[in-house]
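Colleague: Return a 3D structure for these sequence lines:
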Amino acid sequence: MKSILISVITLFITILCRVDVVTSLGIVKTLPSPHRQPLHTCLKSSLQPAWWNSCDVSNLPYDSAFRALVKYHEKYGDLVIPRRFIVPATNEWPKEWHGVKLARHVYNRKWWTKHIAKKSDRVAQLNKLGFVWERLQPEWNLFMEAMVTYKSIYGDVMVPASFVIPRDNNEWSKGCWDMPLGNVVHRLRLRHDFLTGDTAIQRKNQLDGLGFVWDVSDYTFKKFLVALRIFSKLEQQNHEHTTTASTIRVPSKFVVPSDDDRWPKVLWDYPLGAKCAAVRQKQLYVKGHPRRQRLLEEIGFRWSGNATLGWLDVVHAAAIYSQMHGRVLNPPLQFVVPSPPTPDSELDDLWPWPERLWGLKLGQRLKDVRVKGAYLKGPDAHIRKAQLDNLGFVWVPKRGRRKRS
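Modeller: The predicted structure is shown next:
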């Protein structure tokens, strides 16, 4: 017991001694504060991790920064320094710059005013290295220049979140190369970066002038809604006798054609069919937005999907055909539900086929049922098979020529 007590006391004394040594060396045991420490303190502490540099490098002489720039130029061939580039803690780089974001300090108006302004010899030195002078302007100006360029290339300012301005591309100013433009746009919407202070209203107006989208969710829904309305309008125009609104049924693989003047350019190559499927299956655009659901329903959008709607049309047409042919359902492959021969309103009232079924390729659909098992998959398969049986469906038609219906 005595030996254990002595060991505990010894350990406690050792800890106290180490605390004293640490205190005497001036080493902070917690993480450094965000504020830069004086330069002499930073250089004096050799026990700090090599990658952590808490120096105020703005106080370093010009020659020190120039050595760092020369080393960067030797390694990479230019001074288009990425904004996130951190000087490595290796012997080839000036020690006082280890762990520092180089671009943040050299492409800075304060650094230019202190070390470069009115010093033509230094300007000449930096020109030889390819110093990117446009990087010295405020970051807002560079951002707006990038946004204007993006719009001239892509036609809008809907910048993807992952978009980074490419290097070695003459369409973009060198001052904008490597800018994570998509991330900047995302933060501007989320946190209103750049939009504080006296210039906030002016800057917001500048963005509005470019067509900046503040609410992406609302914008993408409206784009989808416009595409659906145009699709519905064009479908109605394709059926001369259409007099009433019908259900919008967009093929799942439908993509808005390009170079088609009936569609606005902003919708060219828009995957409308895939978007419809995502709305039904994943509640894209409408989750938590009942008003949007009502808007879609008002123009004829249905939530059951094309497969269910397709079966309802097939079984409806099959029932009419079966009734007209003595409870036998065996239409020719080429049979298509006919529309009235003339647009006569009185004849329309007597016509046995509903308007929404006109043009339905019933013969081909029922062949697909026989050969491919179309519509007969899933939990409703047995119900649908029974419906066809009740209509007198011929599952195995006789071979040979047959009379046209």
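Colleague: need the contact list for the residue nearest the centre of the chain.
Modeller: Nearest to the geometric centre of the chain sits P160, at 4.9 Å (Cα atoms, centre = their mean). By Cβ atoms under 8 Å, 6 or more residues apart in numbering, the contact list for P160 reads G182. (Glycine included, C-beta is placed from N, CA and C.)
Colleague: mind listing the strands for the stretch 151-300 of the chain?
Modeller: Counting by DSSP state E, counting those that start in this stretch, the stretch 151-300 of the chain has no strands to list.
Colleague: low-confidence ranges in it?
Modeller: Applying pLDDT under 70 to the stretch 151-300 of the chain picks out residues 239-246.
Colleague: And F393, its phi and psi?
Modeller: phi -70, psi 130 (degrees, to the nearest 10).
Colleague: do the one 5 residues further on as well
Modeller: When quoted as degrees, to the nearest 10, the phi and psi of K398 stand at phi -70, psi 150.
Colleague: any idea how far it lies from A89?
Modeller: According to Cβ to Cβ, to the nearest Å, K398 stands 86 Å off from A89.
Colleague: higher neighbour count, those two?
Modeller: Between K398 and A89, A89 has the larger neighbour count (other Cβ atoms under 10 Å), namely 15 against 7.
Colleague: my guess is that one meets G99, correct?
Modeller: Yes. Under the criterion of Cβ atoms under 8 Å, A89 lies in contact with G99, with a separation of 6.2 Å.
Colleague: Phi, psi for P88 please.
Modeller: Dihedral angles (degrees, to the nearest 10) for P88: phi -70, psi 150.
Colleague: how near is I201 to R191?
Modeller: From I201 to R191 the distance is 17 Å (Cβ to Cβ).
Colleague: same question, R135
Modeller: For R135, the distance to R191 - Cβ to Cβ - is 23 Å.
Colleague: In terms of packing, which of the two has more residues around it?
Modeller: R135 (22 against 10).
Colleague: Now do the same for the more buried one: helix, strand or coil?
Modeller: helix (DSSP: H, G, I helix; E, B strand; the rest coil).
Colleague: In contact with the residue nearest to it when sequence neighbours are not counted, which residues?
Modeller: Of all residues not flanking R135 in the chain, Y107 sits nearest, at 3.9 Å (Cβ to Cβ, 6 or more residues apart in numbering). By Cβ under 8 Å, 6+ apart, the contact list for Y107 reads I81, V132, R135, L136.
Colleague: In contact with the third one, which residues are there?
Modeller: Contact criterion Cβ under 8 Å, 6+ apart gives A103, Y107, L142, K174, G175 as the residues in contact with R135.
Colleague: Please, where are all the helices along the stretch 251-400 of the chain?
Modeller: 272-282, 290-298, 305-324, 345-350, 362-372, 381-390 (DSSP state H, counting those that start in this stretch).
Colleague: what's the angle between the fifth one and helix 305-324?
Modeller: By that I understand helix 362-372. 110 degrees (axes from the mean of the first three to the mean of the last three Cα atoms, to 10 degrees).
Colleague: Wait, K110 touches D56, no?
Modeller: No. Between K110 and D56 there is no contact under Cβ under 8 Å: 11.6 Å.
Colleague: Give me the more crowded residue out of the two.
Modeller: More crowded of K110 and D56, by other Cβ under 10 Å: D56, with 14 against 9.
Colleague: Show the pLDDT at the more buried one.
Modeller: With respect to pLDDT, D56 scores 70.
Colleague: Tell me how far it lies from R122.
Modeller: Taking Cβ to Cβ, one finds D56 at 21 Å from R122.
Colleague: One more: R187?
Modeller: 34 Å.
Colleague: and the helices of the stretch 251-400 of the chain as a markdown table, adding mean neighbour count?
Modeller: Formatted as a markdown table, the helices of the stretch 251-400 of the chain follow (neighbours: other Cβ atoms under 10 Å):
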| stretch | mean neighbour count |
| --- | --- |
| helix 272-282 | 17 |
| helix 290-298 | 13 |
| helix 305-324 | 17 |
| helix 345-350 | 10 |
| helix 362-372 | 17 |
| helix 381-390 | 13 |
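Colleague: got a markdown table for those helices, with distance to R262 too?
Modeller: Output for these, formatted as a markdown table (distance: least, Cβ to Cβ, whole Å):
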| stretch | distance to R262 |
| --- | --- |
| helix 272-282 | 14 |
| helix 290-298 | 22 |
| helix 305-324 | 22 |
| helix 345-350 | 28 |
| helix 362-372 | 27 |
| helix 381-390 | 37 |
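Colleague: which of the ones you listed has the lowest average pLDDT?
Modeller: Across those, helix 345-350 gives the lowest mean pLDDT, at a mean of 63.
Colleague: so V256 touches V266, yeah?
Modeller: No. Using Cβ under 8 Å, V256 makes no contact with V266, being 9.8 Å away.
Colleague: H382 and L376: what is the separation?
Modeller: 9 Å.
Colleague: just W353 next, same as before
Modeller: In terms of Cβ to Cβ, W353 sits 24 Å off from L376.
Colleague: Now do the closest residue to V369 other than its chain neighbours against Q202, distance only.
Modeller: Nearest-residue entry for V369: Y375, 6.1 Å, with adjacent residues in sequence omitted and distances by Cβ to Cβ, 6+ apart. As for Y375, its distance to Q202 is 60 Å (criterion: Cβ to Cβ).
Colleague: neighbour count winner among the two?
Modeller: Y375 (21 against 9).
Colleague: How about the contacts made by the more buried one?
Modeller: Y375 neighbours (Cβ under 8 Å, 6+ apart): A307, G310, W311, V314, D368, V369, R384.
Colleague: isn't the fifth one right up against L376?
Modeller: This points to D368. No. Using Cβ under 8 Å, D368 is not in contact with L376, being 9.8 Å away.
Colleague: Next, count neighbours for K361.
Modeller: Neighbour number of K361 under other Cβ under 10 Å is 17.
Colleague: and it, what does it touch?
Modeller: K361 neighbours (Cβ under 8 Å, 6+ apart): F335, V336.
Colleague: One more: the one 4 residues further on?
Modeller: If a contact means Cβ under 8 Å, 6+ apart, then R365 has G310, V314, A374 as its contacts.
Colleague: ditto for I86
Modeller: If you count contacts by Cβ under 8 Å, 6+ apart, then I86 has G99, V100, K101, L102 around it.
Colleague: from those, which single one is nearest Q206?
Modeller: Nearest to Q206 out of the contacts of I86 is K101 (Cβ to Cβ; 27.6 Å).
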